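Asks: next one to model:
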Amino acid sequence: MEYIIVEQPCPFVTTIRLNRDRALNALSIALLVELADAITEAERNDEIRCVVLTGNKRSFSAGADIKEMPQGGIPMWGEKNRLTSWKTIGKFNKPLIAAVNGWALGGGHDLLLLCDIVVVGENAKIGVPEVKIGAFAGDGGTQRCTRIIGRTRTMFMHLTGDPIDARTACDWGLAVEVTPVEKTVERAVEIASTIAKWSPIATRMIKEEIRMNETMPLDESLSLERKLLLWQTEDHDEGIAAFIEKREPRFKGR
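Replies: The predicted structure is shown next:
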């Protein structure tokens, strides 16, 4: 991998760090392809239960690589490899946590919206500046952001192009916690480690059920949730036994 760095800081947890420091981790097609490949590998690997996605202290990602915009006869957002990569990341079925320091702009903002939990450093600046170049978010930002923070706040971010700070992001529901910059990744890994203790079957199903809100009417999602509750696994048996025996459960993902 040239544009990302994959590490395993603790059992069952993988970190993926965007690694285009000079470009403020701009989301080139090559970077997105590598990220999608790493996400696919994490999904297939039973030893990985949770993934932390991060950048560096200056920037999570400053957005799409503007230098690629003039290439080809179609808009950059419609390029096949780029579209396929975004869909792969968006369909990742395990918990995905973003650790955001510095800039998260445009495509960087859209990327954090694909994450299930977001931790931000005190220097985080999250924004959607596309309006300033006569464009708008092309990677789901207008739709996913509205579902998370509501129409009025989404309108403000997208129509002004002005970024919000870490505390505002937390207050609005884009993030769950603000940390010192040097602690952002550490905190995200700590949360990931907690999640990884639990049954990977249960955590995947929880993610699936919650994400149904984005695509289904309430009556349909409630009906499907009830059906999903009718499951029986070895992990479920182990969880019940551990509770009764007052011990830590030993989940195996079966």
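
Asks: could you list the low-confidence segments of the stretch 101-250 of the chain?
Replies: Residue ranges of the stretch 101-250 of the chain with pLDDT under 70: 216-232.

Asks: that one: strands as residue ranges?
Replies: With strands called from DSSP state E, counting those that start in this stretch, the stretch 101-250 of the chain shows them at 103-105, 117-121, 125-127, 164-165, 177-179.

Asks: how about JSON lines for the ones you listed, with mean neighbour count and distance to Cys10 added?
Replies: C-betas here are computed from N, CA, C, even on glycine. Supplementary listing: the strands of the stretch 101-250 of the chain in JSON lines, determined by neighbours: other CB atoms under 10 Å; distance: least, CB to CB, whole Å:
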{"stretch": "strand 103-105", "mean neighbour count": "27", "distance to Cys10": "25"}
{"stretch": "strand 117-121", "mean neighbour count": "26", "distance to Cys10": "16"}
{"stretch": "strand 125-127", "mean neighbour count": "22", "distance to Cys10": "27"}
{"stretch": "strand 164-165", "mean neighbour count": "19", "distance to Cys10": "30"}
{"stretch": "strand 177-179", "mean neighbour count": "18", "distance to Cys10": "18"}
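
Asks: of all those, which one is nearest Ile48?
Replies: Ile48 lies closest to strand 117-121 among the strands of the stretch 101-250 of the chain, at 16.2 Å (CB to CB).

Asks: what about the residue positioned nearest the centre of the chain, distance to Lys87?
Replies: For the chain, the residue nearest the mean C-alpha position is Cys115 (1.7 Å; CA atoms, centre = their mean). Cys115 is 15 Å from Lys87, where distance means CB to CB, to the nearest Å.

Asks: what's the answer for Pro249, then?
Replies: Applying CB to CB, the value for Pro249 to Lys87 is 34 Å.

Asks: more neighbours: those two, which one.
Replies: Neighbours were tallied for Pro249 and for Lys87 using other CB atoms under 10 Å; the higher tally belongs to Pro249 (16 against 10).
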